[in-house]
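Asker: Coordinates only, no sequence provided:
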């Protein structure tokens, strides 16, 4: 059963080495993410599942200790998803293991920042083609995995808030993001289930599928939410929320 969730954005700029001189601009977002992950640890979960958007090569499960890299963003920084398992454990450091998608690599760095050790970690990359019904069912299945499950849900809102945003300016983006912030801040499961996948795609909102997985996991959990951060630096909507 789901006992807690943290919702965080997933831009590689959350990694200070990637942001370089612009790193202080996201200090408030990083601090909010740390606070949200603290809520997960306080819930004493038996399992933490990290969910984030992924391209085709990164979709599907990723084990604890899976490696990610920010070399593609110009910095020599590697990361792992949670603590690396002991060499004596099966599959520890298995060669040929898939690299983490960027969203889960960012999550891995956030977990490192908070020195996560509260529970075993698993990752799941989900893609835009995953429709609402499928996402919700995946969430239900995750929620049934253990008596006390926590989720770290990575995803950005629209990328169309300003003229210089990655998706240029779309007048619908501000209202879409406001509803996302409200739903995540209030733990409104039904609103997340009802998100318009087509509109989310048009607004380049990469968090739609992960949020709907969260909705499926949380539908019988009766959690309350708290909005910890909401802003649109660089024209992209970033939301941090904690559910407990």
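Answerer: Sure, I can see it. Source: prediction; values computed, not measured.
Asker: All the strands of the chain, in order from the start?
Answerer: Taking DSSP state E to define them, one finds strands in the chain at 2-8, 47-53, 60-62, 67-69, 78-80, 121-126, 149-154, 225-231, 238-243.
Asker: and for the first one, what are the contacting residues?
Answerer: Strand 2-8 has contacts (CB atoms under 8 Å, 6 or more residues apart in numbering) with 14, 32-33, 36-37, 39-40, 42-45, 106-107, 110, 142-143, 148-155, 184, 207, 211, 214, 217-218, 221, 223, 239-244. Backbone N, C-alpha and C define where each C-beta goes, glycine included.
Asker: Which of those fall in helices?
Answerer: Among the contacts of strand 2-8, the subset assigned to helices under DSSP state H consists of 32-33, 36-37, 39-40, 42, 106-107, 110, 142-143, 184, 211, 214, 217-218.
Asker: Only whichever of those residues are buried, select them in ChimeraX.
Answerer: Here the buried members of the ones in helices among the contacts of strand 2-8 are turned into a ChimeraX selection, burial being counted by 16 or more other CB atoms under 10 Å:
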select :32,33,36,37,39,40,106,107,110,142,143,184,211,214,217,218
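Asker: For burial, what's the neighbour tally of the nearest residue to residue 13 once chain neighbours are set aside?
Answerer: Distances taken as CB to CB, 6 or more residues apart in numbering place residue 19 nearest to residue 13, at 4.5 Å, with adjacent residues excluded. Here the number of neighbours of residue 19 (other CB atoms under 10 Å) works out to 19.
Asker: Isn't residue 19 up against residue 26?
Answerer: Yes: applying CB atoms under 8 Å as the test, residue 19 and residue 26 come out as touching, 6.4 Å apart.
Asker: anything in contact with each of the two?
Answerer: In the contact map built from CB under 8 Å, 6+ apart, the residues linked to both residue 19 and residue 26 are residue 13.
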